[in-house]
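1. Next comes the sequence, and after it the predicted model I'd like to discuss.
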Amino acid sequence: MSILEFTALLSLLGGAIYVTFQITWTVSHSDDKNKKNDRL
């Protein structure tokens, strides 16, 4: 595997993980806002 292929694979993996984390964070954060207003 060349360095170029490795870099492309790494950026694809990183992008997928970032998007998944972003969605999970948004969902859990909106849940916290709706259920636990007294904590904010």
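-> Done, it's in.

2. Need the pLDDT of the most centrally placed residue in the chain.
-> Geometric centre of the chain, nearest residue: residue 21, 1.8 Å, by CA atoms, centre = their mean. Per-residue pLDDT puts residue 21 at 96.

3. chain center to the strand or helix carrying it, what's the gap?
-> According to DSSP states H and E, residue 21 maps onto helix 3-35. Centroid separation for helix 3-35 versus its chain: 2 Å, with CA atoms, centre = their mean, to the nearest Å.

4. In that helix, which residues are buried?
-> Judged by neighbour count using 16 or more other CB atoms under 10 Å, helix 3-35 contains no buried positions. Backbone N, C-alpha and C define where each C-beta goes, glycine included.

5. and the gap between residue 8 and residue 28?
-> To residue 28, residue 8 is 31 Å away according to CB to CB, to the nearest Å.

6. Could you pull up the contacting residues of residue 17?
-> For residue 17, the contact set (CB atoms under 8 Å, 6 or more residues apart in numbering) is empty.

7. any idea how far it lies from residue 25?
-> In terms of CB to CB, residue 17 sits 12 Å off from residue 25.

8. for residue 6, same thing?
-> Taken as CB to CB, the span from residue 6 to residue 25 is 28 Å.

9. same deal with residue 16?
-> 15 Å.
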